[in-house]
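Participant: I would like the atomic coordinates for the input below:
(one chain, ligands or ions: 1)
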Amino acid sequence: MRSSKPSADPLDRPRSRRLGPLLRLLGFTRPYLGRLLLALTALLFAAGTLLAFGQVIRNVVDTGIASGSSAALDQALLFFLLVVVLLSIAVGLRSWLLNWLGERVVADVRRAVFNRALALNVGFFETTRTGEVISRLTSDTALLQIVVGSTFAMGLRSLLLAIGSLVMLAITSPELTLLVILGVPFVLVPAWFLGHRVRRFSRLSQDRIGDVGAYVDETLHGIRTVQAFCHEPVDRARYGERVEEAFGTAMRRSVNSALLSTVVTLLTFGAIGLVLWFGGREVLAGRLSGGQLSAFLFYAILVAGNVGSLSDIAGQLLRGAGAAERLMELLETEPSITAPAAPRRLPTPVQGRVEAQAVTFTYPSRPEHPAIAGLDLEIAPGEQIALVGPSGAGKSTLFHLLLRFYDPEQGALRLDGIDLRELEPTAFRRQIVIVPQDPVIFGADALENIRYGLEVDDAAVEAAARAAHAHEFIQRLPDGYRTFLGERGVRLSGGERQRIAIARAILRDPAVLLLDEATSALDAESERLVQDALDHLMTGRTSIVIAHRLATVRNADRILVLDQGRIVASGHHEALLAEDGLYARLAALQFQDGN
Ligand SMILES: Nc1ncnc2c1ncn2[C@@H]1O[C@H](COP(=O)(O)OP(=O)(O)OP(=O)(O)O)[C@@H](O)[C@H]1O
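Facilitator: As a prediction, the model looks like this:
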């Protein structure tokens, strides 16, 4: 089955510069509506209080100081303190509630996106780089946290304060307001222009730093090759170039940033001076009180500050919208491998009869080349099949289809006579277990690695490990079964990893076993242990083994020879050798003489 968007990377860079996706994200705040309303109330209250502050200042100056009475001053100041206390409480409450909301929404989005990613079919990850999905989950959600937790609120607050202060300015002194409105473009235009340049160079600088990081990553990961080939001087020179490029870009940003500070300071304080001069004349002429002028200055600074920050906030909101869009896209991608509405049940116990009927399948990323072409197959319960064929014949693909990582375009695969598409995927995947060529060991201890999600006690895990000949080496690990394996844990040898995977399969006790034999040769002792473990595992269940060893093909009930996506021969080792066809040629080249 094709993924929904086979041709392009579905999570590629944002296409829109709209804020719409952010609004859709607001849906995630619905469960926390109460807190959101409380936060908005606190925000409104804080903005209102800040606007009232101008009047408080006016009161302190006009009735407190100008009246000449210290009692009136005390009273004015008491009122001032009261407003300060209320403002502080509202600001604190707003900040806490919004941060909480931001973190909560991001936690919910993270979980939703991860859950969705796990449900998507394997084909999706062929058209989308896994790194993309990881970056969606980490950096895009981090960006959203900032947007939901602060930018939204800052935007709303700045907008309210800018409009509110303008209104208060007009009420305080219409003439001065006109002066300010005429002056605003003189401050904003150069500030906007320089700010734009600073942002552009900041982005470039980030990119250059990203290049530096990527180079370090690549070089240090390949350190053995670097040293073995004496590549250090080249790396030093190339890294040096990248560092210098990053420095150069950072410098251009710094120059613009310094210029911006200079210009903004000059213009802002120049404008304040102008207002003071003009306002002072009004005071001298008796048309304006000292308190009014103070309040006016206060509001003028509020207008300038908030209008200035709005453009920054708009930029951040757009970046947040890009992140939200990519996350929403992932959330809205529908998995194409799903459970049917009314799944059929497998018989108990499951027999393990495997059939394929006229199966044709093409990978979404290679539409012109069928990997399986009209394949027919019938495997009886308990039969042991060795699957052989040249590289690219479709052996692994057949396994993928049996695990229903993909659905065939034509034909059907059946377990105990039931089409896999009619079964609940989790139900039949319990019965078809794969032991891959290079098993994955997860960052957990040996117990967890064998148990791998199954709810069984430690004794059952140990019994499986014994049967898989893994018990002996696990016991010799520093903390036995509690030893951390996988990433940054103990490094296991190839044979040990295989035995862990075999123990994992034994514990699941499946009806059908898919085994991809390791191509790399193990030493004789390890080989014997793995073979013993496999014999134990395969007894009494249907098993299909992609065979690389002579012992496997000799012992199999039947050998199936696969070529170009179809079965071209089937039978016992000797009989197939006697046919002198593809199998005889493969046997001569491919099978390592195991034991
Ligand atoms: N994920 C994929 N996307 C596109 N084409 C694929 C993919 N996996 C395999 N193929 C192609 O499908 C064909 C069958 O591949 P498959 O891996 O099943 O072969 P195989 O018999 O297991 O080979 P090998 O023994 O080398 O592992 C090959 O032509 C391969 O290039």
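Participant: what sits up against stretch 270-288?
Facilitator: 173, 175-176, 179-180, 183, 186-187, 289-290, 293, 296-297, 300-301, 304 (Cβ atoms under 8 Å, 6 or more residues apart in numbering). Just so you know, the C-beta spots here come from the backbone N, C-alpha and C atoms, and that holds for glycine as well.
Participant: what do you get if the cut-off is 10 Å, keeping everything else the same?
Facilitator: Contact with stretch 270-288 is made by 172-173, 175-176, 179-180, 183-184, 186-187, 289-294, 296-297, 300-301, 304, as judged by Cβ atoms under 10 Å, 6 or more residues apart in numbering.
Participant: need the helix or strand of the chain with the lowest average pLDDT.
Facilitator: Across the helices and strands of the chain, mean confidence by mean pLDDT, DSSP states H and E is lowest for helix 130-135: a mean of 74.
Participant: Output that one in CSV, but only the C-alpha positions, please.
Facilitator: Taking C-alpha atoms only, helix 130-135 is exported to CSV below (Å, rounded to 0.1, in the frame of the first residue of the first chain):
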residue,chain,number,x,y,z
THR,A,130,13.4,9.8,10.2
GLY,A,131,15.5,12.8,11.2
GLU,A,132,12.8,15.1,10.0
VAL,A,133,10.2,13.4,12.3
ILE,A,134,12.7,13.6,15.2
SER,A,135,13.3,17.3,14.6
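Participant: Can you name every helix or strand that it contacts?
Facilitator: With contacts defined as 3 or more Cβ pairs under 10 Å, 6 or more residues apart in numbering; DSSP states H and E, helix 130-135 has these neighbours: helix 70-119, helix 124-127, helix 290-332.
Participant: ranking the ones you listed by burial, who's on top?
Facilitator: Among these, helix 290-332 has the highest mean neighbour count (mean count of other Cβ atoms under 10 Å), at a mean of 20.
Participant: Who are the packing partners of it?
Facilitator: helix 20-25, helix 33-59, helix 70-119, helix 130-135, helix 141-146, helix 152-172, helix 174-221, helix 232-284.
Participant: starting at the chain centroid, how far to the second one?
Facilitator: Centroid separation for helix 33-59 versus its chain: 37 Å, with Cα atoms, centre = their mean, to the nearest Å.
Participant: Can you list the low-confidence ranges for the stretch 351-500 of the chain?
Facilitator: Within the stretch 351-500 of the chain, the stretches with pLDDT under 70 are 488-489.
Participant: near the ligand, which residues of it?
Facilitator: 363, 365, 366, 371, 389, 391, 392, 393, 394, 395, 396, 397 (Cβ under 6 Å from any ligand atom).
Participant: Select from those residues every entry located in strands.
Facilitator: Residues of those located in strands (DSSP state E): residue 371.
Participant: Quick one, which of the residues of the stretch 351-500 of the chain next to the ligand are buried?
Facilitator: 363, 371, 389, 393, 394, 395, 396, 397 (16 or more other Cβ atoms under 10 Å).
Participant: farthest pair in the residues you listed?
Facilitator: Taking Cβ to Cβ as the measure, these span a maximum distance of 17.1 Å, between 363 and 389.
Participant: Spell out which parts of this protein neighbour the ligand.
Facilitator: Residues of the chain lying near the ligand (Cβ under 6 Å from any ligand atom): 126, 363, 365-366, 371, 389, 391-397.
Participant: how about a cut-off of 5 Å?
Facilitator: By Cβ under 5 Å from any ligand atom, the residues of the chain that approach the ligand are 363, 365, 366, 371, 391, 392, 393, 394, 395, 396, 397.
Participant: any idea how far the third one is from residue 565?
Facilitator: Using Cβ to Cβ, to the nearest Å, one obtains 12 Å as the distance from residue 366 to residue 565.
Participant: next one: residue 62
Facilitator: In terms of Cβ to Cβ, residue 62 sits 91 Å off from residue 565.
Participant: Could you check which of the two is surrounded by more residues?
Facilitator: residue 565 (22 against 18; other Cβ atoms under 10 Å).
Participant: Quick one: low-confidence residue ranges for the protein.
Facilitator: Ranges of the chain meeting pLDDT under 70: 1-18, 129, 488-489, 519-523, 592-595.
Participant: which residue packs closest to the spatially most central residue of it, ignoring adjacent ones?
Facilitator: Per Cα atoms, centre = their mean, the C-alpha nearest to the average position across the chain is that of residue 137, at 2.2 Å. Distances taken as Cβ to Cβ, 6 or more residues apart in numbering place residue 113 nearest to residue 137, at 5.8 Å, with adjacent residues excluded.
Participant: Kindly report the same for residue 479.
Facilitator: Distance criterion Cβ to Cβ, 6+ apart; nearest residue to residue 479, sequence neighbours excluded, is residue 445 at 7.5 Å.
Participant: surely that neighbour meets residue 500?
Facilitator: No. Using Cβ atoms under 10 Å, residue 445 is not in contact with residue 500, being 11.3 Å away.
Participant: So the two - more neighbours on which side?
Facilitator: residue 500 (26 against 21).
Participant: which residues in the stretch 301-450 of the chain form helices?
Facilitator: 395-402, 425-429, 446-451 (DSSP state H, counting those that start in this stretch).
Participant: now, of the ones you listed, which is deepest in the fold?
Facilitator: helix 446-451 (a mean of 24).
Participant: packing partners for that one?
Facilitator: helix 458-467, helix 471-476, helix 494-508.
Participant: Which residue comes closest to the residue of the stretch 101-250 of the chain found nearest the ligand once chain neighbours are left out?
Facilitator: Using Cβ to the nearest ligand atom, the closest approach of the stretch 101-250 of the chain to the ligand is made by residue 126 at 5.2 Å. Ranked by Cβ to Cβ, 6+ apart and with sequence neighbours excluded, the top spatial neighbour of residue 126 is residue 365, at 5.2 Å.
Participant: Kindly report the same for residue 359.
Facilitator: Counting by Cβ to Cβ, 6+ apart, residue 359 lies nearest to residue 411, which is 3.8 Å off, once chain neighbours are set aside.
Participant: which residues touch the one you found?
Facilitator: 356, 357, 358, 359, 360, 361, 372, 374, 375, 376, 401, 419 are the contacts of residue 411 under Cβ under 10 Å, 6+ apart.
Participant: what's the most distant pair in those?
Facilitator: 374 and 419 (17.4 Å).
Participant: can I get the helices and strands packed on helix 130-135 in TSV with distance to residue 339?
Facilitator: Formatted as TSV, the helices and strands packed on helix 130-135 follow (distance: least, Cβ to Cβ, whole Å):
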stretch	distance to residue 339
helix 70-119	11
helix 124-127	17
helix 290-332	19
